[in-house]
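> Quick one, fold the following:
(chains A, B, C, D, E and F)
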There are 6 protein chains.
Amino acid sequence: MRLDLMSRDAVAARIASGRRGVILPLGSLEPHAGPGALGTDAICAGAVAERAAERVGGIAAPALAYGMVQFHLGAPGCVSLRPSTLSALLFDAIVSLGMGGLTRVLLLTGHGGNAAPAQAAIQEVMAEVSLGRLRFPAPVSAKLRAWWEGPRLAALRRELYGDREGFHVTPSEVAIAMTVHPALAVPRDAWPAWRAVAHDPLHDLGGDRHEDAARHAARFPDGPIGSDPSLATAEDGERLLDAAAQDVAEAFAAFEAAPDQSAR
Amino acid sequence: MRLDLMSRDAVAARIASGRRGVILPLGSLEPHAGPGALGTDAICAGAVAERAAERVGGIAAPALAYGMVQFHLGAPGCVSLRPSTLSALLFDAIVSLGMGGLTRVLLLTGHGGNAAPAQAAIQEVMAEVSLGRLRFPAPVSAKLRAWWEGPRLAALRRELYGDREGFHVTPSEVAIAMTVHPALAVPRDAWPAWRAVAHDPLHDLGGDRHEDAARHAARFPDGPIGSDPSLATAEDGERLLDAAAQDVAEAFAAFEAAPDQSAR
Amino acid sequence: MRLDLMSRDAVAARIASGRRGVILPLGSLEPHAGPGALGTDAICAGAVAERAAERVGGIAAPALAYGMVQFHLGAPGCVSLRPSTLSALLFDAIVSLGMGGLTRVLLLTGHGGNAAPAQAAIQEVMAEVSLGRLRFPAPVSAKLRAWWEGPRLAALRRELYGDREGFHVTPSEVAIAMTVHPALAVPRDAWPAWRAVAHDPLHDLGGDRHEDAARHAARFPDGPIGSDPSLATAEDGERLLDAAAQDVAEAFAAFEAAPDQSAR
Amino acid sequence: MRLDLMSRDAVAARIASGRRGVILPLGSLEPHAGPGALGTDAICAGAVAERAAERVGGIAAPALAYGMVQFHLGAPGCVSLRPSTLSALLFDAIVSLGMGGLTRVLLLTGHGGNAAPAQAAIQEVMAEVSLGRLRFPAPVSAKLRAWWEGPRLAALRRELYGDREGFHVTPSEVAIAMTVHPALAVPRDAWPAWRAVAHDPLHDLGGDRHEDAARHAARFPDGPIGSDPSLATAEDGERLLDAAAQDVAEAFAAFEAAPDQSAR
Amino acid sequence: MRLDLMSRDAVAARIASGRRGVILPLGSLEPHAGPGALGTDAICAGAVAERAAERVGGIAAPALAYGMVQFHLGAPGCVSLRPSTLSALLFDAIVSLGMGGLTRVLLLTGHGGNAAPAQAAIQEVMAEVSLGRLRFPAPVSAKLRAWWEGPRLAALRRELYGDREGFHVTPSEVAIAMTVHPALAVPRDAWPAWRAVAHDPLHDLGGDRHEDAARHAARFPDGPIGSDPSLATAEDGERLLDAAAQDVAEAFAAFEAAPDQSAR
Amino acid sequence: MRLDLMSRDAVAARIASGRRGVILPLGSLEPHAGPGALGTDAICAGAVAERAAERVGGIAAPALAYGMVQFHLGAPGCVSLRPSTLSALLFDAIVSLGMGGLTRVLLLTGHGGNAAPAQAAIQEVMAEVSLGRLRFPAPVSAKLRAWWEGPRLAALRRELYGDREGFHVTPSEVAIAMTVHPALAVPRDAWPAWRAVAHDPLHDLGGDRHEDAARHAARFPDGPIGSDPSLATAEDGERLLDAAAQDVAEAFAAFEAAPDQSAR
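Numbers count the residues shown, from 1 in each chain, chains lettered A, B, ... in the order given. I've put the predicted structure just below:
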């Protein structure tokens, strides 16, 4: 179920029946190389969240299309939230949802740069509870997960793309975006040629790329980071989306169903 | 065009051709009475923005589904950003878009409670420019507008609903949501009966309802504020959406095309 | 009554008698063209607040002489608060007054640029109440109003100045300042000549001028925005002050006397 | 000269002639025992600032009537700014004044609780300069001083009130307030009887009273802290005001005239 | 070398010779079960940083003894920084060090709860650079690492403690603390008995424990999380400290020596 | 006792026995002229705190090595916290310690620039208590003191160094640092020659030097401010440390033992 299409009473009824979970997808608006869509990360996170929610009768909140992507500041069409802004927003979201009874919030990110601000937001909520400054109808729990974490998807990514999956503009995310928006499917040669990335002791290759925009552009002028988006197809996308949704659905269902009091 | 489906290069090409505008729709996630969708405001603002952009070859950014709606805090499914959070987010969005060359930003809200934080965000950007702490490739301008401002729509709302249009859960917004998501169409008697609102010197009836959630719920237990959403139909919605899109398109086109130097 | 000249016990006695209102005037320190006083806005708001309070036995707090006026940053003698600073200050003021029992706070602005931060401050107070993080001896209500809103004054401005009233350095505000501080009366030719303002799709003409200081100075090098301050006289000022005070007194009295529980 | 009554051009002319100073008086709105005026601190700081400015042809900005007075929160009519709010406000004020050319800012407080936030504000401005994030037309200097610091006034206070001067609701400040607002003169027995204060290792007796409002009220239920306001007369007030103004004028003149480059 | 024992000139000389690195150890002040020292995390991070710096002629800054440990708020002697506070502090530290020429900052944490705020701080610095609001004498790079990351230490922990190493109050950290402060060595039976931890879908077992203090205390009343601190000895501590220092020294040396321009 | 070496239970036992005090030493990382150690201020504050605690069986928390020292920004090895950052950190520290039962917090600074942010932090804690937003197991009190305040030390400083003690890089602090870290003892001619400082109406000579880094470096190119660190010896340091510790111990003991309810 999509939260934005539900009524307050429908949400209330679910809570009354003991279901308190919600998936909140997080994206970004950043360059995705050549023809890649700026909104790829939100498209993927949103699609995985919706499908995962459908599988287990859960709720998916509207995707936040804006994320922390400072290393692309200045790129046409890019929007980057400061880490403190993203943390404040997610703090407010978790607090609001919790006050209304949705006390199990799974933040499902499609963008690595959102991870630290999201974790910090969860810590900030818990700190306020520990300080006695916020109270909820039931204990609030929030967790962060990327949509690509999970065994089914990991296996499929390896099978489909091997070492060309990479870290940004991955064929996986491009494929899912093509499935969701068929107009995004483009000829393979529209993408920049693949390049391997060498280890760089100054920077991580993963989600948190700690360098400013000028240096990032100098290191990765084409956009991809070790990925080959030309491999992506909408057909792959459908399989990938399904695998990711199964992984997320399973984790979300366990999270939602866990008892509040988990003392031994 | 939807910004999230465009590539960086496509945005860059438009900017090179002199088109620097973007519409950023703002919504909320709040109760909309009886069967009303929590996300009605973002659905409407997003749909008007997209259709207006189409009319004039402009760009619509992804709708922000989360807004300032403190008077509904505690309602199941509601998310409210603190005013300072929403201001920070829009500050970041305007700054990012501007740095990337989209220097004409029209904030199109579907929710009155977003107005003050949005205006404050624009002021904050301009203050930073005035202080010499931010620089852009071209002068940045940002404006706030609600999707329901404009002569065509005003006339149509009067024609269709007269004094039953009201201020919250209006038949206009409900109708547009039905057009965009046909599943939202429900039988008329699913809605609460209409009630007029009396003038209250403590509170405004318009977009900025300055009372806390408990008092708001006591004043408007059913949800609607002088509105009769049972009048809404998907057919009306199509007409309303079109009228609003024409109004917004016209204003946006003038805003985008205005010369930067407007000294006499 | 002026709050700053009252004792705590005198305020407490009023509250015990059921009167909980206070008018808090907001101004700015910004250029007012030629010989215009930098503090015109606070002078006017303060004078209207005091006279309105006298009419209905209400309380006027000291005027805040500093406001949000970023579009004049860099002008000699100008002080501009960032929107977030002004919001924080008004948040603190409303909270303090409310905790002490003055739970009906009318923010009376003499400067349009203060409007958004003031509205955001009211929202922020209400959000804290809705979150359960602030408690008051009685429900707190706060409203924003400009001193020039109201039917008596509107009629008089039209009568006296017609289309030469304009938006900044208006003859009305100049006239009131002359009444309050007779030394401010200057020969008519001390003022810049009148110029009409053309519509500009980039900017609003009203209170919220969303452009940085450099562009603002380029558009309005003389200072006035469609206004002709040379029309102002101290005699007009007395009439204008009285009309504004009547309008505000009426609104404030209704606001102060409204019952807390306004549920239907 | 009062800054709020000056025009931009008049300020500009002074700056062009090499005079860059301004006195910014800081007050509070807090109980002052029995019949004492809530605004005593701003009244005194403002009056001393104006008279000191007159003596040396300097500029006095409008008094800030609101200060940091958390230990009186909950008292009817009291307004307390959080320390961070007051710091933000004074940061903005110093930055604005400096950008407009008034680069020597003397913060003249009439309330001890404002000292730490004011000092922190000055540090914050200098930090931004040191970080290269703010630039001014001339080097900005700001200093904090209380109006009662200075040899003439110190001698007169001792002469007039000896050990009954105390720390809050002092006869000095009450006397000056009576001079400025004659209606504040009341019969001596309107004030609470004098009590000495004992040393308390938990708290300071001076300006910074670091205890919350409940404990403060328990320690000083009458209001005065070692002071005997019943000694105050308007005649004393005139002498005190003059002595304080001489002290401040001398310090301000030296501050304004000091060369910018003070390297040995 | 310890930065706090160096002179400015000694640091300047190193920078002139091309060495720009510094290790900044991060700890916490939180319960460590039974006799465990509150400051264990800072003791370990500090000791590893100093020894690693010695190995490669690098600089170790003073350990920050205070960290983000909200899940222990209320425990006697515990200090927890809010995530936003810790981020602000590390932002300031990285900026200051960078402005002074130490542009390679390795944040070496001894506490998992510091990770998200530290990552967010690094992002915030880079965002300011990307926005053009901070400039440095050389490009600034900052990285986060826990002292226990690295192959030598991982092997030794497995060898010494196997599955009794756990996540909090680990025998490794206790052993290192005993080495550094021999008085911390206590009889084995002073520690609580070992308990395995079961998987809990609500919470992570690792560094980021996203639950409030009350729930955390209910889950782990003894303190340890899957760890058996009774296994710790000062002798082990010496070996562990050395292994960790080798791992960190290697990573730090590579980080410090990496060329600034790392474009392919 | 060092808090970081104590266990939670040991702290709890002390609190149960009625001892609620803790000394929190504050330092800085800033140039100390010629061979002077960057960390001198934290070394001194920490050493005095530990020895004072030993004298009276009190607790000393780990020294905060980072302080507000904006006037040295850009110096190699310097770290400066913004005033707002330092206030936030000390707010968190006082709140955490208080929630855990250590409700008498003595902030012992070794650096004058920390004073205003520290005072503001104490005010901010008290404001939250006054607003009803924080609750503690016992009333929280916090005080700021510099380690050099107190009669014994004042006499000894005069005796040893007379008018060559000065304000920064004082022989006293250098001597104590030499006692704590013997390697810091250097030949007398390693220090810059002594220079007197002239009064400067723009700036204070004491702890709060309100000028930016460039102007500060121009005024004091050698580093010392009226001090002659060449006089310092480790032997002096031992005497000075002892005198300071006695002074602080006495004040701390009185502060810790004072009854909570100090109403007359």
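
> Check the burial of the residue nearest to residue A:71 when sequence neighbours are not counted by counting its neighbours.
Excluding the flanking residues, the one nearest residue A:71 by CB to CB, 6 or more residues apart in numbering or on different chains is residue A:216, at 4.0 Å. In short, each C-beta sits where N, CA and C put it, glycine included. Neighbourhood size, residue A:216 [other CB atoms under 10 Å in any protein chain shown]: 23.

> next SSE after whichever strand or helix holds residue A:216?
Per DSSP states H and E, residue A:216 falls inside helix A:213-219. With elements assigned by DSSP H and E, the helix or strand that comes after helix A:213-219 is helix A:234-257.

> Phi first, then psi, for residue A:31.
phi -60, psi 140 (degrees, to the nearest 10).

> for the one 5 residues further on, same thing?
Recorded main-chain torsions at residue A:36 are phi -60, psi 140, according to degrees, to the nearest 10.

> Which residues are in contact with the closest residue to residue A:182 other than its chain neighbours?
Counting by CB to CB, 6+ apart, residue A:182 lies nearest to residue A:234, which is 6.2 Å off, once chain neighbours are set aside. With contact taken as CB atoms under 8 Å, 6 or more residues apart in numbering or on different chains, residue A:234 is in contact with A:175, A:178-179, A:182, A:185.

> Quick one: name the residues of the stretch 51-200 of chain A near chain B.
A:61-66, A:73-82, A:84-85, A:88-89, A:91-93, A:96-97, A:99-102, A:181, A:183-184 (CB under 8 Å from any CB of the partner chain).

> In helices, which of the residues you listed appear?
Among these, the ones falling in helices (DSSP state H) are A:84-85, A:88-89, A:91-93, A:96-97, A:99.

> Pick the one among the residues you listed closest to residue D:244.
Nearest to residue D:244 among those: residue A:84, at 43.7 Å, using CB to CB.

> For the lowest-mean-pLDDT helix or strand in chain A, which residues meet the burial criterion?
None of the helices or strands of chain A scores lower by mean pLDDT, DSSP states H and E than helix A:213-219, at a mean of 91. By 16 or more other CB atoms under 10 Å in any protein chain shown, the buried positions in helix A:213-219 come out as A:213, A:215-217, A:219.

> Please name the residues that touch the residue of the stretch 101-250 of chain A found nearest chain D.
Taking CB to the nearest CB, chain D has its nearest neighbour within the stretch 101-250 of chain A at residue A:133, 15.3 Å off. Going by CB under 8 Å, 6+ apart, residue A:133 touches C:133, F:133-134.

> Any chance of the residues you listed in TSV with pLDDT as columns?
Compiled in TSV, the contacts of residue A:133 are given as follows (pLDDT from 0 to 100):
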residue	pLDDT
C:133	95
F:133	95
F:134	95
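
> Quick check: phi and psi at residue A:201.
Note on residue A:201: its backbone torsions stand at phi -70, psi -20 [degrees, to the nearest 10].

> same thing with the one 10 residues further on?
Backbone dihedrals for residue A:211, given as degrees, to the nearest 10, come out at phi -150, psi 160.

> ok, and the closest non-adjacent residue to it?
What sits nearest to residue A:211 in space, not counting adjacent residues and going by CB to CB, 6+ apart, is residue A:203, at 5.5 Å.

> again, but for residue A:136
residue A:98 (4.6 Å).

> Surely the one you found is in contact with residue A:105?
Yes - counting by CB atoms under 8 Å, residue A:98 does reach residue A:105; the two are 7.2 Å apart.

> Show me whatever sits in contact with both of the two.
Common contact partners of residue A:98 and residue A:105 (CB under 8 Å, 6+ apart): residue A:140.

> What residues sit buried inside the stretch of helix or strand residue A:54 belongs to?
Counting by DSSP H and E, the element that carries residue A:54 is helix A:40-55. Neighbour-count burial for helix A:40-55 flags A:40-53, A:55 (criterion: 16+ other CB under 10 Å).

> Please apply the same query to stretch A:82-91.
Using 16+ other CB under 10 Å as the test for burial, stretch A:82-91 gives A:82-91.

> ok, now stretch A:185-192?
Buried residues in stretch A:185-192, counted by 16+ other CB under 10 Å: A:185-186, A:191-192.

> Counting neighbours, what do you get for the closest residue to residue A:213 other than its chain neighbours?
In space, and not counting its chain neighbours, residue A:213 is closest to residue E:130: 3.9 Å by CB to CB, 6+ apart. Residues near residue E:130, counting by other CB under 10 Å, number 25.

> Contacts only, for the closest residue to chain B within the stretch 101-250 of chain A.
Per CB to the nearest CB, residue A:101 is where the stretch 101-250 of chain A lies closest to chain B, at 5.1 Å. Contacts for residue A:101 (CB under 8 Å, 6+ apart) come out as A:11-12, A:15, A:20, A:137-138, B:76.

> give me that answer again for 6 Å
For residue A:101, the contact set (CB atoms under 6 Å, 6 or more residues apart in numbering or on different chains) comprises A:15, A:137, B:76.

> Show the model's pLDDT score for it.
As predicted, residue A:101 sits at a pLDDT of 98.

> ok so, going back, just curious, which of the contacts of residue A:101 is nearest to chain E?
Nearest to chain E, judged by CB to the nearest CB, of the contacts of residue A:101 is residue A:137 at 14.8 Å.

> what kind of secondary structure is the closest residue to residue A:102 other than its chain neighbours in?
Spatial nearest neighbour of residue A:102, chain neighbours left out: residue A:22 (4.5 Å); criterion: CB to CB, 6+ apart. Secondary structure, DSSP: H, G, I helix; E, B strand; the rest coil: residue A:22 is strand.

> how much space between residue A:22 and residue B:78?
Using CB to CB, to the nearest Å, one gets 12 Å for the distance from residue A:22 to residue B:78.

> ok, now residue A:154?
In terms of CB to CB, residue A:154 sits 36 Å off from residue B:78.

> Neighbour count for these two, which is higher?
The neighbour comparison of residue A:154 against residue B:78 (other CB under 10 Å) goes to residue B:78, with 26 against 15.

> So the more buried one is in contact with residue B:70, correct?
No - Residue B:78 lies out of contact with residue B:70 (CB atoms under 6 Å); the separation is 9.5 Å.

> what's the distance between residue A:64 and residue A:38?
Between residue A:64 and residue A:38 the distance, using CB to CB, works out to 14 Å.

> With residue A:99 instead?
With CB to CB as the criterion, residue A:99 and residue A:38 are 33 Å apart.

> which residues of the stretch 101-250 of chain A fall in strands?
Secondary structure of the stretch 101-250 of chain A, counting by DSSP state E, counting those that start in this stretch: strands at A:104-109, A:141-146.

> just those: most buried one?
Of all those, strand A:104-109 has the most neighbours on average by mean count of other CB atoms under 10 Å in any protein chain shown, namely a mean of 27.

> list the contacts for residue A:161?
A:171, A:231.

> cutoff 10 Å now
Listed by CB atoms under 10 Å, 6 or more residues apart in numbering or on different chains, the contact set of residue A:161 reads A:170-172, A:175, A:227-229, A:231-232, A:236, A:240.

> So which bits of chain A are right by chain F?
Contact residues, chain A versus chain F (CB under 10 Å from any CB of the partner chain): A:127, A:130-133.

> Spatially, which two of these are the most separated?
Largest separation among those by CB to CB: A:127 and A:132, giving 10.6 Å.

> list residues touching both of those two?
With CB under 10 Å, 6+ apart, residue A:127 and residue A:132 have common neighbours E:73, E:212-213.
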